[in-house]
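> sharing a model prediction with you, sequence too.
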Amino acid sequence: MRQCSFDVHAYDEEDDAIVSADDRCVGCQRCATYCPTGAITIRLSERDFRLNANWRPEHLMDIKRQAETGGVILTGMGNDKPYRIYWDHLLLNASQVTNPSIDPLREPMELRTFLGAKPDRLRFADGRLLTELAPQVRLEMPILFSAMSYGAITYNAQLALMQAAEECGTLCNTGEGGWPRDFRRFGKNVIVQCASGRFGVDFDYLNQAAVVEIKIGQGAKPGIGGHLPGEKVTPLVAETRMIPVGTDALSPAPQHDIYSIEDLSTLIYALKEATNYEKPVSVKIAAVHNAPAIASGIARAGADIIAIDGVRGGTGAAPKVIRDNVGIPIELALAAVDRRLRREGIRNRVSLVAAGGFRSSADVIKAIALGADAVYIGTAALVAMGCTLCQQCYTGKCAWGITSADPVLAKRLNPDIATRRLVNLVKAWSLEIKEMLGGMGINAIESVRGNRLHLRGVGLEEWELETLGVRGAG
Amino acid sequence: MRNLDRITNPFNDDKVIANCGIFGVMNTAGGKMSGRDVIEAMANMHDRGNGLGGGFAAYGIYPEHPEEYALHVMFETQRAREETERALQEWFRIGAQEPIPTRNTRGIANAPILWRYFVEPLQEEAIPPTPDGAIALTPDDYVVDRVMVINTSIDGAFVFSSGKNMGVFKGVGHAEDIGTFFCLDEYQAYLWTGHSRFPTNTQAWWGGAHPFSILDWTVVHNGEISSYGTNRAFLEMYGYYCSMHTDTEVIAYATDLLVRKHGLPISVVAKVFAAPLWQDIDRMPSPDRETYTALRQVYGSLLMNGPFAVIIAHQGEMIGLRDRINLRPLVAGSKGDLLFLASEEAPIRLVCPDVERTWAVQGGEPVIGRLFEGIVEPGVDRSAVYEEPCIERFYGHKGQREVHSLSGMRAAM
């Protein structure tokens, strides 16, 4: 009974029975998981609306809620609508006969990846390297933890992500909500965000991180700002975000100093100046219709990394109508951006990081074959920590202590266990990626980057294959 | 040659999957040899091919035309020849032109029309702008550009050799028959490479045989480059378009890019194609560690992944290289000024019974023979030198340069 943070269960003293308010249940599985006797089963409740292919129960319920409240419907996590998931229509290659597959248990298998701008060529004189490279960050595997800000996720959740990033040799993104002082020790493994609200951004914030990311948009809510309600702005959140306790933390939709690509360039170079040109600057955008042209502009504006977040990217809170209807799938955006940058001969100038709904190591390697240097995982990381995708993050009632505002609930997440689970996940995916690489007869991740010959499409239309740059199977 | 799809690899991934035999011999003092031995060596490795492609590259064969680009062109039709010749006249001063001499040979059928042209680009002011409006910078760039134009836009014409004082001869058939067909026993060269093919997924096309070449760079290759898609995409950014539907082509283009355009020493290029493992780079002392890291960061897309053994040659230099985990064989041999490279030891011993030493080339370590300098790189692990105890093992402690390959074979340099 106490496990439920959505007040489903109540004890009826008169009847000496537990009663359940079924309509409050969000399906988070907390009670079922912790029930000592295994007595709880959660089933999808059948609504008694008459079946209608057009006016589905979701529409009716949303309309009724809006008729009551007159407000925007909020939700959490990524788009749950059945738009085509291209990962499920792409299959990987493997070696047979003419090319030996490689056993990753016996042979070296390299996943090391560097993010940062690469020059078009190196210059040598008398065997000595003359070219000085732009700053590069090293990842031991091409998987990073996506931006999830303190405030949206709990202190313990962010701590676990940072500890895991450090242990795995990868990076964790602070999100736009500042960077708690206690976590600055993870600087070498942290990407800090500079978003429209500029929360917590100061000299120290920029200089202690490994990468600075300008957040233009995110896949779950392209073109939309953010709003952390004042009730969630606790003293520590307030200190981290550098705002008064209890005030609403508003992130404007645009960055008000970026109304154009030249403004973006100004900010990129302002951040580079502030960090003495020692850190790669990333620009994160949501995957929208003209992402290739935007990416080209970002590369030319001086960014070292472009992060693209697809329509299935998660969020702590977003208007449902935006989350479910704005943006395009990361697969198509990534393929189109990679192709565009190559056509323009500027692909070397930037690293591409793909984000938005990566569910498995197969999705990751497929993204790399489509042209990504690395991928951001957010939802998968949360699931590793205990999340069950009940989509209630925006309520602050997370029963698993991941996005909870209530300090009692927040204590439910043990950061060390969560760290272990995150590290396990990344290691497991790395092993699986190595197996798949070995199967292809490849022993370094860079040889599969943009290598669309190792992908084949099934069940896709001609235009989709063309956009993906992938041939049909067979 | 727009209709490639009709006649060559019609299958999916533009990549010829082939098993092969390769052979190379170089007289580093510049003495010349006829093609007889290299034909014999290829005949010895007959079973490494299946009659669907063989070819040779020979350096120093046109001393009478030292400064002219020797274009070897194959035509499917007389019309293609006429069209090509009109274009050549517009672009070049043609010093000489003639059919490439051939003789009737059993096993060689359906030969295309084979001509060679000795050309020089017209004076710079006469060089017309390239299609994108840019003026080609050097005669070499110009020749590369025109070769690409012919190969991609003249239907039925294909330039398969375009270097100075060298030539590629190749076609469909067993290598030894191709050598006889082209009368290679009548040519004198200081450097020969040969190749026999065992393609598994391609129909036979004369242009699809090895060696692949651009200017005087030639590549004979045994293997399958699994990173082909990545390599090709990277090269396209630098204006190299793969038209031959094979993975070997990328090695030729990548070499041209790195050596000619980016000015990298060939020994460094070898470390791009067969990069040291990170675990080895991490152990290197500075500044090698930084250099090798930068090479992988910048040229990671040119790492040739998958099994391969290649012999890359250009004027005055022959380079042997294997993939970094030794998946395809390459044996080296030397006697006096002669350097041999081959898929097997047998053909070396056949053509040079008194070969002084042979050794297994080690993965990722280039063997480099250079005209008038001898064998400048032996093809064994230099990185082992970084570990103190290995210094003596590899280089001897009495001042004598002695090299041991991993298998224990020895090659006193």
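That came in fine, so what should we check first?

> tell me where the stretch 1-150 of chain B has helices.
Along the stretch 1-150 of chain B, counting by DSSP state H, counting those that start in this stretch, helices occupy B:4-7, B:36-44, B:78-91, B:139-153.

> highest average neighbour count across those?
Per residue and on average, the most neighbours among these fall to helix B:36-44, with a mean of 22 (mean count of other Cβ atoms under 10 Å in any protein chain shown). (C-beta placed from N, C-alpha, C; glycine too.)

> where in chain A is pLDDT low?
A:47 (pLDDT under 70).

> would you map out the domains in it?
Domain assignment for chain A, taken from automatic domain parsing, gives A:9-71, A:113-472.

> let me have those in CSV, extended by distance to chain B and mean neighbour count.
CSV is the format used below for these (distance: least, Cβ to the nearest Cβ, whole Å; neighbours: other Cβ atoms under 10 Å in any protein chain shown):
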stretch, distance to chain B, mean neighbour count
domain A:9-71, 40, 11
domain A:113-472, 3, 21
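
> closest one to B:Phe92 among these?
Across the domains of chain A, B:Phe92 has its closest neighbour in domain A:113-472 (28.4 Å, Cβ to Cβ).

> will you turn the domains of chain A into TSV that also has distance to B:Leu71?
Shown next, in TSV, are the domains of chain A (distance: least, Cβ to Cβ, whole Å):
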stretch	distance to B:Leu71
domain A:9-71	67
domain A:113-472	28
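
> how many other residues sit next to A:Leu105?
The burial count assigned to A:Leu105 is 10, neighbours taken as other Cβ atoms under 10 Å in any protein chain shown.

> excluding its backbone neighbours, what's nearest B:Gly35?
Distances taken as Cβ to Cβ, 6 or more residues apart in numbering or on different chains place B:Leu184 nearest to B:Gly35, at 3.1 Å, with adjacent residues excluded.

> A:Leu425 too?
That would be A:Ala384: by Cβ to Cβ, 6+ apart, it lies 4.2 Å from A:Leu425.

> B:Trp359 touches B:Gly379, doesn't it?
Yes - between B:Trp359 and B:Gly379 there is a contact under Cβ atoms under 8 Å: 7.5 Å.

> all helices for the stretch 201-350 of chain B, in order.
Going by DSSP H, counting those that start in this stretch, the stretch 201-350 of chain B shows helices at B:228-236, B:248-255, B:266-273, B:278-281, B:288-299, B:346-351.

> comparing those, which comes out most buried?
helix B:248-255 (a mean of 27).

> pull that helix out as CSV, backbone CA atoms only.
This file holds the C-alpha atoms of helix B:248-255, laid out as CSV (Å, rounded to 0.1, in the frame of the first residue of the first chain):
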residue,chain,number,x,y,z
THR,B,248,40.3,-2.9,-54.3
GLU,B,249,39.7,0.3,-56.0
VAL,B,250,39.4,2.1,-52.7
ILE,B,251,43.0,1.1,-51.8
ALA,B,252,44.3,2.7,-55.0
TYR,B,253,42.3,5.9,-54.5
ALA,B,254,43.1,6.1,-50.8
THR,B,255,46.8,5.7,-51.6
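
> and that helix, what does it pack against?
Under the contact criterion of 3 or more Cβ pairs under 8 Å, 6 or more residues apart in numbering or on different chains; DSSP states H and E, helix B:248-255 touches strand B:212-214, strand B:217-223, helix B:228-236, helix B:266-273, strand B:308-314.

> kindly provide the whole-number mean pLDDT of the second one.
So that's strand B:217-223. The pLDDT scores in strand B:217-223 average 90.

> mind listing what the residue nearest to A:Leu425 touches?
A:418, A:421-422, A:424-425 (Cβ atoms under 8 Å, 6 or more residues apart in numbering or on different chains).

> which residues in the stretch 51-200 of chain B form strands?
Taking DSSP state E, counting those that start in this stretch as the test, the strands found in the stretch 51-200 of chain B are B:54-59, B:69-75, B:92-99, B:113-121, B:157-161, B:166-171, B:188-189, B:191-199.

> so which of these gets nearest chain A?
Chain A lies closest, by Cβ to the nearest Cβ, to one member of these: strand B:191-199, at 9.3 Å.
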